[in-house]
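Participant: Give the three-dimensional model of this entry:
(2 chains)
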Amino acid sequence: MSESQFVMHEGDFLAIQKVIDPLLKNARARGVFVVDRVGQLIRQTGEMSNLDTTSLASLTAGCVAATGGLAQLLGEEEFPTHVHQGERDSLHMTLVGGRGILVVVFDQRSSLGLVRLRARKASTQLATIFEAIKKKCEAEGPGNGKTFADISDDEIDNLFSD
Amino acid sequence: MSFINYAAREINCKIVYYGPGLCGKTTNLQYVYARTNPDLKGKMISLATETERTLFFDFLPLALGEIRGFKARFHLYTVPGQVFYDASRKLILKGVDGAVFVADSQEERMEANIESLENLQTNLIEHGLELGKIPWVMQYNKRDLPNVTPIEEMRRQLNPTGVPEFEACATTGEGVFETLKATAKGVLSDLRKVGA
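Facilitator: Sure thing, here's the model as predicted:
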């Protein structure tokens, strides 16, 4: 199935922030990221402001896509949770509905068990938010005459003027 | 499927470079990366084998400027061209907004071009998409080589519907930005259909 365009407004981001801020604290994580399955960063929180988050989002989506392919080879629909354990930092990824990925980066101040517990609850909350956004996008439908419906060729050409 | 972020006022779009093995997809991205202002680009990621063949994908984030007060951001991806990486190619097409087909102009690669273009169509269908319904551009690459198929013949075999097409030499950069601009234009023009 082709997916519809994904449009998010300020309120959607705030709703996500209200889930990931407590998750960061309760999981004693270094950083929490919400990424979409196509590889766009949606929201983040934590102490990792120097990280290349664009790359993180793209690689996370690639990793989840590849692992999903493996799951299907084995007859599983998908592997809903992925853990990558490093010497200092570790990554915990949880699939959120069909749309998002919740990424928690943690170190020795936390534990896999704690992160897993907290991420499970947060991913359920995020799935509800994503579902609401999806329904809103579908209800609005394509060609609803908003911001980009009447952009002109000149406006597009101006983007490419050297 | 573009992602429109009203909070950050950004449009995020995904463009995938497709084509047979060694046709120059990665070289296209490397040229764009090398010639783009550092403020407008992110880090280029290449998931490649030890012999520099693309294993999963190359990725290059680019910012093109603003339209209607929204930053236009493009994520450029390449697929691995080698035939046996089909499962990976399929995954990378997820959420694609526009495509570039990089054809290898060498006579002996025509069959590989045709096979790869058919493969693109098949893999798009798996995502509920069709080549005729997403913006895409044809690039005839390696025009600098001596043994190239005439453009008319390449057009007849690979571009019968007449999508925008460009002759290119990705190693020197000829045609690279023209191809990218045409694809990005197609993707942005497509936003008119979906409105948002």
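Participant: which residues touch stretch A:123-132?
Facilitator: A:12, A:15-16, A:19, A:34, A:94-97, A:99-100, A:102 (C-beta atoms under 8 Å, 6 or more residues apart in numbering or on different chains). From N, CA and C alone the C-beta is placed, and that goes for glycine too.
Participant: Mind doing that once more with 10 Å?
Facilitator: Identification of contacts with stretch A:123-132 by C-beta atoms under 10 Å, 6 or more residues apart in numbering or on different chains yields A:6, A:8, A:12-13, A:15-16, A:18-20, A:22-23, A:34, A:36, A:42-43, A:80-81, A:93-102, A:119.
Participant: filter those residues down to the ones near chain B?
Facilitator: Within the set of the contacts of stretch A:123-132, contact with chain B (C-beta under 10 Å from any C-beta of the partner chain) is found for A:6, A:8, A:12-13, A:36, A:42-43.
Participant: number of nearby residues for residue 107?
Facilitator: This is for chain A. 13 (other C-beta atoms under 10 Å in any protein chain shown).
Participant: ah, no, chain B please
Facilitator: By the measure other C-beta under 10 Å, the count of residues near B:Glu107 is 14.
Participant: would you put the C-alpha positions of the lengthiest strand in chain B in CSV?
Facilitator: Determined from DSSP state E, the single longest strand within chain B is strand B:54-67. Taking C-alpha atoms only, strand B:54-67 is exported to CSV below (Å, rounded to 0.1, in the frame of the first residue of the first chain):
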residue,chain,number,x,y,z
THR,B,54,27.2,0.0,-2.4
LEU,B,55,26.0,-2.6,0.1
PHE,B,56,22.8,-1.0,1.3
PHE,B,57,22.6,2.7,0.4
ASP,B,58,24.3,6.1,0.1
PHE,B,59,22.5,8.9,1.8
LEU,B,60,22.9,12.7,1.4
PRO,B,61,20.7,15.3,3.1
LEU,B,62,20.4,18.6,1.2
ALA,B,63,18.6,21.8,1.9
LEU,B,64,17.6,23.7,-1.2
GLY,B,65,16.1,26.9,0.1
GLU,B,66,12.7,28.1,1.1
ILE,B,67,9.3,27.9,-0.6
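Participant: Whichever helix or strand comes after it pairs with which strands, and in what direction?
Facilitator: As assigned by DSSP states H and E, the chain's next helix or strand after strand B:54-67 is strand B:70-78. With DSSP bridges as the test, strand B:70-78 is paired with strand B:10-18 (parallel), strand B:54-67 (antiparallel).
Participant: what helices or strands is the helix or strand just after strand B:70-78 leaning on?
Facilitator: Note on strand B:70-78: by DSSP H and E, the next helix or strand toward the C-terminus is helix B:86-92. With contacts taken as 3 or more C-beta pairs under 10 Å, 6 or more residues apart in numbering or on different chains; DSSP states H and E, helix B:86-92 sits against helix A:53-73, strand B:10-18, strand B:54-67, strand B:70-78, helix B:110-126.
Participant: Tell me if the longest one is near chain B.
Facilitator: What that stands for is helix A:53-73. Yes. Using C-beta under 10 Å from any C-beta, helix A:53-73 reaches chain B at A:53-55, A:57-59, A:61-66, A:68-70, A:72-73.
Participant: Show me the residue sitting in the middle of chain A in space.
Facilitator: In chain A, the centroid-proximal residue (C-alpha atoms, centre = their mean) is A:Val35; its distance is 2.0 Å.
Participant: quick one, what contacts B:Asp86?
Facilitator: B:79-80, B:119, B:122-123.
Participant: farthest pair in the residues you listed?
Facilitator: B:Pro80 and B:Thr122 (16.0 Å; C-beta to C-beta).
Participant: Have a look at those two and say which one is more surrounded.
Facilitator: Ranked by neighbour count (other C-beta under 10 Å), B:Pro80 and B:Thr122 place B:Pro80 first, with 24 against 13.
Participant: Tell me the spacing between the more buried one and B:Pro164.
Facilitator: The spacing between B:Pro80 and B:Pro164, counted by C-beta to C-beta, to the nearest Å, is 25 Å.
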